[in-house]
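# Got a predicted model here, sequence first, then my questions.
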Amino acid sequence: MTEHVLISPLGFAAGAVSGVYFALKEQGVAVDKVITVGTRHDDVLSAAEILERLFRRVGDVGYKPCYIDAIDLKGPERDASGPFAARMGLYIDQARKAEQTVHVAVTGGRSGMGALAALAAQLYRADHLYHLWVDEEIELHGIARAEPDPENKYVNPTIEPGLCELVALPFVNLSKLVEAVQNSPTELPERWVELVAERAPIALDTLTGYAPPGLSLRSARELLGLGEQWRVQEEASQETRADVYYTYEIGLGQLRGRLDQRDPRYLDLLVYEQRLRENIGKARLYGDTPSLSAERSEVIRRLNDLAVSALSKSFNDLYDSVTVMSRERIWLRTISVLYSAGAVDDAGRRPLRESMDRDVTGDYGKRALEKAAQGDDLGLFKWLTENEEALTALSRLVATGASVGTFVLKGIELWLKSQGMI
């Protein structure tokens with residue numbers, strides 16, 4: 001017998017989700033599992049608690065609340081709308097692969113969440129898309145008067161006639177477009193050219209923020225950049241290398257990845273990097289001495305001169321957009337991306353945050369990784385434990401006493417390669 005899964009955004013009103021469940025039940029559709037995706041706003045967490053208690057009382061349905069690492073659906077796309085749609089897509093995609101019937105609702109949460117839920121339903125081929133109309137009185141008082149009771153009309157508006165209506169929404173299957181993005185993330189497949197015409201490259205670039213489900217191509221590129229920053233900073237010694245040197249080197253490495261080799265600025269960048277490395281060599285040779293302090297000032301002056309004379313204004317604007325982070329910020333951002341993608345849950349998040357510099361073979365480091373693996377919907381940690389080549393590569397790190405941070409960031413790189421994302 002086919003299982004039915006309801007996937008919905010969650011805002012402050014628990015009834016916007018449970019109402020869809022009860023409306024489907026009234027139509028003869030027995031939903032086996034409800035999954036909600038929301039922000040970490042306190043009122044969203046409270047709504048999830050009501051749903052947990054409600055569905056325990058109902059007894060014939062499982063409930064899984066999931067969250068993105070944001071308080072509200074605002075800020076940069078990478079922090080809010082991208083992770084929200086990707087997390088919605090992850091659960092739709094998993095349900096489809098499990099041959100479950102997927103019902104997506106758009107009523108819960110802010111209107112932007114509903115739009116992203118509809119986008120995910122189209123990109124990952126849901127079976128049904130719904131809006132729940134409710135009576136004005138339910139809409140006005142649904143948040144304040146909701147209780148975890150199936151007889152409470154604010155969580156179950158089907159108990160009285162005329163309080164709600166489940167509206168089926170039309171949508172288009174765009175899953176083939178997602179496949180095209182995944183198979184060719186940098187170039188539009190020929191078969192799509194006529195379909196999306198001149199806007200095709202723009203459309204594909206936009207979709208990299210939402211596909212594949214869970215961890216998008218855009219997030220994958222960001223994680224690789226974080227891993228490179230981590231590696232450079234880990235190799236840097238305070239005694240032999242001044243902050244200014246590896247700060248510039250990290251920034252230049254990011255820029256090189258952003259520029260097309262045919263761009264005339266690319267050659268300027270190579271010259272710029274060569275001069276920088278000459279000064280890094282001096283730093284390593286002489287150590288942090290008074291003469292190096294003078295040399296450091298000279299390097300900064302020369303870099304500024306180069307930026308003015310050798311490089312165009314557009315290059316400087318590009319350089320200004322580069323963010324160089326401390327190791328702590330790199331680690332927190334990595335966990336944030338993994339959390340929003342579904343590779344870490346609440347139980348594993350805290351120990352992973354605290355384990356950055358722990359030895360991966362130590363008891364605390366092991367426990368942190370085990371906690372993360374237990375709540376991994378994305379499958380990243382499971383893949384690392386089951387893939388022989390990955391284990392061999394990571395075992396070399398373990399033998400040298402690697403930290404949990406280095407282990408995870410290297411593991412991410414290996415996983416991305418296995419998924420064909422790099």
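Done, it's in. Numbers count the residues shown, from 1 in each chain.

# Can you report how many residues lie near residue 354?
For residue 354, the count of nearby residues is 12 (other Cβ atoms under 10 Å). In this view, the C-beta of every residue, glycine as well, is placed from N, C-alpha and C.

# Look up how far residue 341 lies from it.
In this view, residue 354 and residue 341 are 20 Å apart by Cβ to Cβ, to the nearest Å.

# and if you look at residue 390?
From residue 390 to residue 341 the distance is 18 Å (Cβ to Cβ).

# so where's the stretch 251-400 of the chain shaky on pLDDT?
Filtered on pLDDT under 70, the stretch 251-400 of the chain yields the residue ranges 251-266, 268-269, 272-273, 275-324.

# run the last query once more with 80
Counting by pLDDT under 80, the stretch 251-400 of the chain shows low-confidence ranges at 251-326.

# which residues of it fall in strands?
Listed in chain order, the strands found in the stretch 251-400 of the chain under DSSP state E, counting those that start in this stretch amount to none.

# Just the helices from it, written as ranges.
Ranges of helices in the stretch 251-400 of the chain, per DSSP state H, counting those that start in this stretch, are 264-286, 290-309, 313-320, 327-341, 346-354, 363-374, 380-386, 388-399.

# what packs against the shortest one?
Contact analysis of helix 380-386 by 3 or more Cβ pairs under 8 Å, 6 or more residues apart in numbering; DSSP states H and E lists helix 363-374, helix 388-399, helix 404-418 as its packing neighbours.

# is it possible to export the ones you listed to TSV including mean neighbour count?
Supplementary listing: the helices and strands packed on helix 380-386 in TSV, determined by neighbours: other Cβ atoms under 10 Å:
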stretch	mean neighbour count
helix 363-374	17
helix 388-399	13
helix 404-418	21
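
# Mind putting these into TSV with distance to residue 335?
Formatted as TSV, these follow (distance: least, Cβ to Cβ, whole Å):
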stretch	distance to residue 335
helix 363-374	9
helix 388-399	19
helix 404-418	9
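
# Out of those helices, flag the one nearest residue 177.
helix 404-418 (21.5 Å; Cβ to Cβ).

# Specify the angle between that closest one and helix 346-354 in degrees.
Note on geometry: by axes from the mean of the first three to the mean of the last three Cα atoms, to 10 degrees, helix 404-418 and helix 346-354 are set 120 degrees apart in direction.

# Could you look up the SS state of residue 155?
Residue 155 carries the three-state label coil when classified by DSSP: H, G, I helix; E, B strand; the rest coil.

# these two touch, right, it and residue 145?
No - the criterion here is Cβ atoms under 8 Å, and residue 155 misses it with residue 145 at 9.2 Å.

# measure residue 23 to residue 107 for me?
In this view, residue 23 and residue 107 are 10 Å apart by Cβ to Cβ.

# for the residue nearest to residue 419 when sequence neighbours are not counted, what are its contacts?
What sits nearest to residue 419 in space, not counting adjacent residues and going by Cβ to Cβ, 6 or more residues apart in numbering, is residue 212, at 7.6 Å. Shown in contact with residue 212 (Cβ atoms under 8 Å, 6 or more residues apart in numbering): 89, 93, 178, 182, 419, 421.

# Out of the residues you listed, which sit inside helices?
89, 93, 178, 182 (DSSP state H).

# Let me know the closest of the residues you listed to residue 114.
Closest approach to residue 114 among those (Cβ to Cβ): residue 89, at 14.9 Å.

# Compute the number of surrounding residues for the closest one.
Other residues near residue 89 come to 29 when the count uses other Cβ under 10 Å.

# wait, isn't it in contact with residue 209?
No - under the criterion of Cβ under 8 Å, residue 89 makes no contact with residue 209, lying 11.2 Å away.

# What separation is there between residue 403 and residue 384?
Looking at residue 403 against residue 384, where the rule is Cβ to Cβ, the gap reads 16 Å.

# Ok, residue 270 next?
According to Cβ to Cβ, residue 270 and residue 384 sit 35 Å apart.

# More neighbours: those two, which one.
residue 384 (23 against 12).

# picking that back up, quick check: neighbours shared by residue 23 and residue 107?
The overlap between the contact sets of residue 23 and residue 107 (Cβ under 8 Å, 6+ apart) consists of residue 132.

# more crowded one of the two?
Shown here are residue 23 and residue 107; by other Cβ under 10 Å, residue 107 has more neighbours (25 against 22).

# Next up, identify which helix or strand the more buried one is on.
Using DSSP states H and E, residue 107 falls within no helix or strand.

# Is it in contact with residue 129, as I believe?
No - in this structure, residue 107 is not within contact of residue 129 by Cβ under 8 Å, at 10.9 Å.

# low pLDDT regions in the stretch 51-200 of the chain?
For the stretch 51-200 of the chain, the stretches flagged by pLDDT under 80 are 76-77, 176-200.

# Please, where are all the strands along it?
62-67, 101-105, 128-134, 164-168.

# Make CSV from those strands and add mean neighbour count to it.
Conversion of those to CSV gives the following (neighbours: other Cβ under 10 Å):
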stretch, mean neighbour count
strand 62-67, 19
strand 101-105, 25
strand 128-134, 19
strand 164-168, 16
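
# Mind checking the ones you listed for the one nearest to residue 415?
Evaluated over the strands of the stretch 51-200 of the chain, closeness to residue 415 peaks at strand 62-67, with 20.5 Å, by Cβ to Cβ.
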